[in-house]
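Student: Show me the folded form of this:
(2 chains)
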Amino acid sequence: MEVTLRHLTKRFPGRGKNKGQEVIAVNDMDFTIPDGELIGLLGPSGCGKSTALNLICGLLAPTEGKILFGDQEVTGIPAEKRGVGMVFQNYALYPHLNVLQNIIFPLENLKGDQKLTREAMRAKAEEVAELVQIRELMDRRPSELSGGQQQRVAIARALVKLPRVLLLDEPLSNLDARLRLKTREEIRRIQQATKITTIFVTHDQEEAMSISDRIVVMKDGVVQQIGRPQEVYDDPANLFVAQFLGTPPINVFDARVESGKLLIGGEPVMDTDVAGGSPVKAAIRPEGFEVDPKGPLSCRLKAVEVMGRDVSVVCEHEALTGAPTIRSIIDADEQPDDEMRRSGVVRFSLKPHKVLLFDAETGERLRGAGRDKRTFAGRS
Amino acid sequence: MENRDYKGYLYLVPAVLFLGIFLVYPLFDVFVYSFEEGYNFASQTYRGFGWYNFRYVLRDPYFLQALKNTLFLVFITVPLSTGLALLLSVALCSIPKVRELFQTIFFLPYVTNTLAVGLVFMILFQKTPYSDGLMNLLLSVFGIAPIDFIGGPYAAKLFVLSFYTIWIVLPFKILILTSALTSVDEGLYRAARIDGTPPGRIFFRITLPMIRPMIFYLIITGFIGAFKAYSDAVAIFGVNLNAAGMNTIVGYVYDMLYGDSGGYPSYASAAAILLFAIVLTITTVNLLVRNRGRN
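Tutor: From the prediction side, this is the model:
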């Protein structure tokens, strides 16, 4: 089912001290989610992503705008008639019912000609339990299940009535790190098997990047960028998106562009065809550094952290903003040599496509005249 | 370490002493009293041990009347007050904006003196040579002849006492149930809504099971409280409850000790032990029902 959001806006009246002042939780969301895709709604807490999810499922009514499932407008349709399945952050399993009863619960609500016999319900529950691999847990209570198993039961309950759209609200945040990794693959597998259009909300960029067909990055209720994870990572629309995606985070420097050269701390570090004059922010991905004794960027070496496959070089530079240290990731066999370690100065050359320039005032991306003309995808 | 064991028991001494003197010893004493036959209050002597006191009490028409009154009171007020409290709590929780205001209003009877409430009830219900009382005034609107609630037929008196009891116990139950209702995870309701669960089904399949432990708590404490009813009857019918035919078991115990027919601690003890046996049985049954429902 294709999901279309048209100028979707949700304003909440201010409370207490801010009475009379409206809070815009979701501001003019406008995009289409293709049928059968897995979409990650991504942003820091309070960016309106959960509100957006509640608008789509119908628990909240939008202030303005429309929501369409396929060709059908569902804006005014109550949640129970939209045919959505939802998995809540804390799973919201009924604690007094066992797994089977939990999964069957939505089916028991069906009325009229949709009504099923007990055997049919049971068969459907078994089928979906098979899909999420909880067949052997059917008569346990939620309290007797691990977090990951509860998660699967919640997904099974959301899937059992074959929803047109599946919504997941922070589905992995209650799981430990190892289980999170496993479960996100599981969600991907289930989504691919069912081909149900799925929207999930997360504040964890790694989670969103790893399993989404597309990610939607939000900030303060406004969509910042929509696109395939790799596209958004490589080609962020603004400094916020660049900083939000990637671990370790991107390194941001105060810089200037003069006569075709990018200057960091007054030193020219690379050629650029971005128009010069005003101050810019130069953001360099951790993997954009290469240790090079003759490199143009010179930094004070703080530490070298060995992580096996690669090495992270921690150093300082006076033009760095935001974070206290630069973190660069390099191959383990290209470590700074003893000479650099002794002198405490490490020199880098930069990979041009990993260096992104932004307007120092607005944070908007600055693109060169000759290359990088790609507009960001998805925002039609 | 032996030293530590000894120290642990030392900490228990105040509680053990206090409970022993004021709770365990009196209980034991009552038990002994109830079997002492022909006890003389003045000389503090008795003839022997036996079941005579129980036989006497169980044949005493005043006791049987008190037992009947108490049982009626218990089985009318406990289900009604619990059901009504549930109804009101659910209603309160569905009007979030003025909930606190109404919660305060419903809580007022709880902090009001029971005797004061009793007085108000008398004014509402009592029929005097000068007036029929407010309730009868209301009934006359519907063309019903005035009823003497305080000194009239048994059913009318039982009605007033039950009405009064429910009114008194309702606030506490509402308080407990509203807090139980608000502690139910909001996510369960949202999940149920998305799955298209009709409101009635949400109530019976989600809300009720979730607040079940609290309902059982209220039923058990309600039974115990209603079995111990006494001051409520006094507040409405005055101290001579036997004359009004509205005595309760606790009232009977009191009368046997200090009333006009008082000075019979053995009969009082026997009645108290009977009350204890009844309450114990009903509480046990309640707990059994609850535990069976849980598994």
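
Student: From now on I want contacts and neighbour counts done on CA atoms only, so please keep to that.
Tutor: OK.

Student: Distance from the chain centre to the lowest-mean-pLDDT helix or strand in chain A, please.
Tutor: Across the helices and strands of chain A, mean pLDDT, DSSP states H and E gives its lowest value to helix A:338-343, namely a mean of 81. Centroid separation between helix A:338-343 and its chain, computed with C-alpha atoms, centre = their mean, to the nearest Å, is 40 Å.

Student: State the next helix or strand along the chain beyond it.
Tutor: strand A:345-350 (DSSP states H and E).

Student: circling back: could I get the buried residue list for the least confident helix or strand of chain A?
Tutor: A:340-341 (16 or more other C-alpha atoms under 10 Å in any protein chain shown).

Student: Low-confidence ranges, the chain, go.
Tutor: No chain specified, so I'll use chain A. A:18, A:369-380 (pLDDT under 70).

Student: was after chain B, sorry
Tutor: In the predicted model, chain B carries pLDDT under 70 at residues B:1-4, B:261-262, B:293-295.

Student: which one's the longest helix in it?
Tutor: helix B:61-93 (DSSP state H).

Student: Could you point out the helix or strand that follows it?
Tutor: helix B:99-111.

Student: How is the spatially most central residue of chain B assigned, secondary-structure-wise?
Tutor: Using C-alpha atoms, centre = their mean, the residue of chain B that lies closest to the mean C-alpha position is residue B:226, 2.0 Å off. When classified by DSSP: H, G, I helix; E, B strand; the rest coil, residue B:226 comes out as helix.

Student: For burial, what's the neighbour tally of the closest residue to residue A:158 other than its chain neighbours?
Tutor: Excluding the flanking residues, the one nearest residue A:158 by C-alpha to C-alpha, 6 or more residues apart in numbering or on different chains is residue A:85, at 4.3 Å. By the measure other C-alpha atoms under 10 Å in any protein chain shown, the count of residues near residue A:85 is 29.

Student: Looks to me like residue A:85 is in a strand.
Tutor: Yes. Residue A:85 sits within a strand when classified using three-state DSSP.

Student: That one contacts residue A:154, correct?
Tutor: No. Here residue A:85 does not reach residue A:154: they are 9.7 Å apart, not a contact under C-alpha atoms under 8 Å.

Student: which residues sit in contact with the residue of chain B found nearest chain A?
Tutor: Distances between chain B and chain A by C-alpha to the nearest C-alpha are smallest at residue B:196, namely 4.2 Å. Shown in contact with residue B:196 (C-alpha atoms under 8 Å, 6 or more residues apart in numbering or on different chains): A:79-81, A:106, A:109-110.

Student: ok, back up a step: contacting residues around the residue found closest to the residue nearest to the centre of chain B once you drop the neighbours it is linked to in the chain?
Tutor: Distances taken as C-alpha to C-alpha, 6+ apart put residue B:74 closest to residue B:226, at 5.3 Å, once the chain neighbours are dropped. When contacts are counted by C-alpha under 8 Å, 6+ apart, residue B:74 is found next to B:223, B:226-227.

Student: how about these in TSV, adding distance to residue B:236?
Tutor: Shown next, in TSV, are those (distance: C-alpha to C-alpha, whole Å):
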residue	distance to residue B:236
B:223	21
B:226	16
B:227	17
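
Student: For whichever residue of the stretch 51-200 of chain A sits closest to chain B, grab the count of nearby residues.
Tutor: As assessed by C-alpha to the nearest C-alpha, chain B sits closest to residue A:80 within the stretch 51-200 of chain A, at 4.2 Å. Counted by other C-alpha under 10 Å, the residues lying close to residue A:80 total 19.

Student: cool, and residue B:59?
Tutor: Using other C-alpha under 10 Å: residue B:59 sits among 11 other residues.

Student: Repeat that for residue A:211.
Tutor: Neighbourhood size, residue A:211 [other C-alpha under 10 Å]: 19.

Student: Surely it is in contact with residue A:189?
Tutor: No. Using C-alpha under 8 Å, residue A:211 is not in contact with residue A:189, being 9.5 Å away.

Student: Paired strands for the helix or strand containing residue A:252, with orientation please.
Tutor: Using DSSP H and E, residue A:252 falls within strand A:251-258. Counting by DSSP bridges, the strands paired with strand A:251-258 are strand A:261-264 (antiparallel), strand A:279-284 (antiparallel), strand A:320-321 (antiparallel).

Student: Highest mean neighbour count out of these?
Tutor: Most buried of the strands paired with strand A:251-258, by mean neighbour count (mean count of other C-alpha atoms under 10 Å in any protein chain shown): strand A:279-284, with a mean of 24.

Student: orientation of it relative to strand A:345-350 in degrees?
Tutor: 90 degrees (axes from the mean of the first three to the mean of the last three C-alpha atoms, to 10 degrees).

Student: And for the helix or strand just after strand A:279-284, what's in contact with it?
Tutor: Once the chain leaves strand A:279-284, the next helix or strand it forms, by DSSP H and E, is strand A:289-291. By C-alpha under 8 Å, 6+ apart, the surrounding residues in contact with strand A:289-291 are A:328-330, A:334-336, A:346-351.

Student: and what of stretch A:153-173?
Tutor: Contacting residues not belonging to stretch A:153-173 are listed as A:1, A:50, A:53, A:57, A:83-89, A:91-93, A:99, A:102-107, A:124-125, A:128-129, A:132, A:134, A:151, A:180, A:183-184, A:196-203 [C-alpha under 8 Å, 6+ apart].

Student: OK, contacts around residue B:119?
Tutor: Applying C-alpha under 8 Å, 6+ apart, we find residue B:119 in contact with B:235-236.

Student: wait, residue B:195 sits on residue A:85?
Tutor: Yes. Applying C-alpha under 8 Å as the test, residue B:195 and residue A:85 come out as touching, 7.5 Å apart.

Student: got the residues of the stretch 1-150 of chain B near chain A?
Tutor: Residues of the stretch 1-150 of chain B lying close to chain A by C-alpha under 8 Å from any C-alpha of the partner chain: none are found.

Student: Show me which residues of the stretch 51-200 of chain A are close to chain B?
Tutor: A:57, A:59, A:79-81, A:84-86, A:88, A:90, A:92-94, A:96, A:106, A:109-110.
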